[in-house]
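Give me the fold of what follows.
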Amino acid sequence: MEFVKFSLSHEHYDIIECMGKKGIRYLADFLSDELGDASQYFKDWLWDSSSYATGGNYIYLRKIDDKIAIGVEWEDELPTEEQAPFETTKEVMHSILDRWQELVRKNAKEILITRDGDNVTVEGKF
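Numbering: from 1, shown residues only. Next comes the predicted model:
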């Protein structure tokens, strides 16, 4: 099982604990540092058949068949063990974005994302 835990600090969600493969950290970095108010943009992008990649300053999102891969822009410069992106289905990614957006709007004090195989949960503590 992999997980990442965030804590609300000065209107920003800081990553306070992360365990698992490097990819879960890339998801965490995307959510806490690059997503901002663009949740709807990324949810629309998931289903846009004319666009296969997007990202920000640090993190990329790519569509690979029916999956979404989240990694770092310069991953080819990283050691092999750090090149493994976070991969999931479009449906699961859409669910992650929905739940993240909901918890952020409600000002959850902590957010915990866990992944066990293909199952991803996003929970908040108030």
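
Tell me which residue is most central in the chain.
Centroid check for the chain by CA atoms, centre = their mean gives residue 27 as the closest residue, at 2.9 Å.

Against residue 49, how distant is that one?
If you measure residue 27 against residue 49 using CB to CB, to the nearest Å, the figure is 23 Å. In short, each C-beta sits where N, CA and C put it, glycine included.

mind checking the SS state of residue 33?
The three-state assignment at residue 33 reads helix, by DSSP: H, G, I helix; E, B strand; the rest coil.

Pretty sure it sits against residue 27.
No: taking contacts as CB atoms under 8 Å, residue 33 lies outside contact range of residue 27: 11.2 Å.

on that earlier part again, could you say what helices and strands the host helix or strand of the residue nearest to the centre of the chain packs with?
Using DSSP states H and E, residue 27 sits in helix 22-29. Under the contact definition 3 or more CB pairs under 8 Å, 6 or more residues apart in numbering; DSSP states H and E, helix 22-29 sits against strand 2-9, strand 12-19, strand 67-72, strand 86-89, strand 110-116.

Relative to the whole chain's centre, how far out is the helix or strand harbouring residue 95?
Assessed by DSSP H and E, residue 95 sits inside helix 90-105. In terms of CA atoms, centre = their mean, to the nearest Å, the centre of helix 90-105 is set 9 Å apart from its chain centre.
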